[in-house]
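*Asks:* Quick one, fold the following:
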Amino acid sequence: MKPLTLSILIVIITMIISIIYLNGGFSMQEPLSPDQPEESQQAPATPINQTNQINTPEKISIQPEQKIAIQLKLQSNRITILENELNKVYSRIAMLEDTIKKSKVTKSDQASSNTTVNREQKEKRTKITDQETLSKTMLTEAGVNEVLANDIAGEFNAFEMKKLELYDAANREGFYNTSKYYQELRKFQFDYPRLRSRIGDNAYDKILIASGRNNRTVITSVIPESPADQAGLHAGDIILDYAGKTIFTPQELKNTTTEGQRNTYVTLNVLRNNQPVSLLIPRGPFGVQIDATLVSNPITSTFQQ
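*Replies:* Okay, here's the model as predicted:
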């Protein structure tokens, strides 16, 4: 027999065996004898066979449409879970937005308050720089003799006229409230430090008070363990004089502490809760934060001999 014919025969036999197997398979029992009763022709099932028959799950055939339905149900469940989680996120976002809104309202109130204060301070500064008042009457009431008062008032009025001319030119040429305007304006500021030397500290102090200008330095904070802390200075103390010299500005205090021999003790007079307090402090940096302030009744004469 040729090899090709043999191969075809093998294939045909294999197909026949497969068909027989699929249709019920081969019976492994021996053929019954004619004398054997029909009831005994089948061997009784063993307990093991019975157990296997009971526990073997029956195969369930699932149609493609059923598979799709199951998958859609699973996807629907997942979507429901995601929607619940998303609702929780939305709820959390709403809570956070409410908290932020309340915080913004509080900050807005604070900012509004600060803006009002800053605007008032700015308006006050603008009034001082753009248009000031220093009349002969103010000077004479401060104790300046009439001749000197007349000269100072004339100088002051000349500066004020130059400011008005600058204001007019700035508005016509469109540079009002610009850096150019304020650079020019600084040229026409009255020389208050020179005024101090001409009329004396007491009269100068009265002029500052009458014109609403800052005339003292206030301590806003004290560094722990600093010379100021050890000397007993407190936040809110107003510097009246240092080493016998009246202090009108923060810069003046800074300059004065660099004078003399370092670490030598000098007298520092302050106003605390409207009461004078005298302290000893070494020359050099205090260790404080300071700012300018206006004191209507500095009572500097309390400390003067």
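*Asks:* isn't Gly244 right up against Leu268?
*Replies:* No. With the criterion set as CB atoms under 8 Å, Gly244 and Leu268 do not qualify as a contacting pair; they are 10.3 Å apart. Heads up, the C-betas are built off the backbone N, CA and C, glycines and all.
*Asks:* So which of those two has more stuff around it?
*Replies:* Neighbours around Gly244 and Leu268, counted as other CB atoms under 10 Å, are more numerous at Leu268. The numbers are 24 against 11.
*Asks:* Doesn't the more buried one lie inside a helix?
*Replies:* No. Read with DSSP: H, G, I helix; E, B strand; the rest coil, Leu268 is strand and lies in no helix.
*Asks:* so what's it up against?
*Replies:* With contacts defined as CB atoms under 8 Å, 6 or more residues apart in numbering, Leu268 is in contact with 231, 233, 239, 241-243, 278-281.
*Asks:* tell me what the host helix or strand of Thr137 is packed against?
*Replies:* With secondary structure defined by DSSP states H and E, Thr137 is part of helix 136-141. Applying 3 or more CB pairs under 8 Å, 6 or more residues apart in numbering; DSSP states H and E, one finds that helix 136-141 makes contact with helix 146-173, helix 201-211.
*Asks:* model confidence over it, on average?
*Replies:* For helix 136-141, the mean per-residue pLDDT is 89.
*Asks:* just stretch 248-259 next, same as before
*Replies:* Here the average pLDDT along stretch 248-259 is 94.
*Asks:* Can you tell me what sits against that stretch?
*Replies:* Counting by CB under 8 Å, 6+ apart, 196, 204-205, 208, 214-217, 239, 242-243, 245, 247, 283-286, 290-292 sit against stretch 248-259.
*Asks:* Next, check the residues you listed against the helices and list the overlap.
*Replies:* By the criterion of DSSP state H, membership of the contacts of stretch 248-259 in helices covers 196, 204-205, 208.
*Asks:* Go through the residues you listed and name the one nearest Lys180.
*Replies:* For those, the minimum distance to Lys180 (CB to CB) is 29.1 Å, reached by Leu208.
*Asks:* That closest one reaches Arg216, doesn't it?
*Replies:* No. Counting by CB under 8 Å, no contact exists between Leu208 and Arg216, whose distance comes to 9.1 Å.
*Asks:* State the pLDDT value of Asn274.
*Replies:* pLDDT recorded at Asn274 is 90.
*Asks:* now do the one 4 residues further on
*Replies:* In the prediction, the pLDDT value recorded for Ser278 is 96.
*Asks:* how many other residues sit next to it?
*Replies:* A count of nearby residues for Ser278, using other CB under 10 Å, gives 12.
*Asks:* got it, and Leu185?
*Replies:* Neighbours around Leu185, by other CB under 10 Å: 16.
*Asks:* quick check, nearest of the contacts of Leu268 to Lys187?
*Replies:* Within the contacts of Leu268, proximity to Lys187 (CB to CB) peaks at Ile239, which comes in at 30.5 Å.
*Asks:* Bridging across strands, which residues link to that closest one?
*Replies:* For Ile239, the beta-bridge partners are Thr217, Val270 (DSSP bridges).
*Asks:* And Pro282, by the same measure?
*Replies:* Tyr265.
*Asks:* Got the confidence number for Val295?
*Replies:* Value listed for Val295 in the pLDDT field: 92.
*Asks:* oh, I was asking about Lys2
*Replies:* At Lys2, the predicted lDDT confidence score is 47.
*Asks:* How about Ala210?
*Replies:* What the model reports for Ala210 is a pLDDT of 85.
*Asks:* Now do the buried residues in the helix holding Thr137.
*Replies:* Neighbour-count burial for helix 136-141 flags 136, 138-140 (criterion: 16 or more other CB atoms under 10 Å).
*Asks:* do stretch 234-248 as well
*Replies:* Along stretch 234-248, the positions that meet the burial threshold by neighbour count (16+ other CB under 10 Å) are 237-243, 246-248.
*Asks:* try stretch 279-287
*Replies:* Neighbour counts using 16+ other CB under 10 Å place 279, 281-283, 286-287 of stretch 279-287 among the buried residues.
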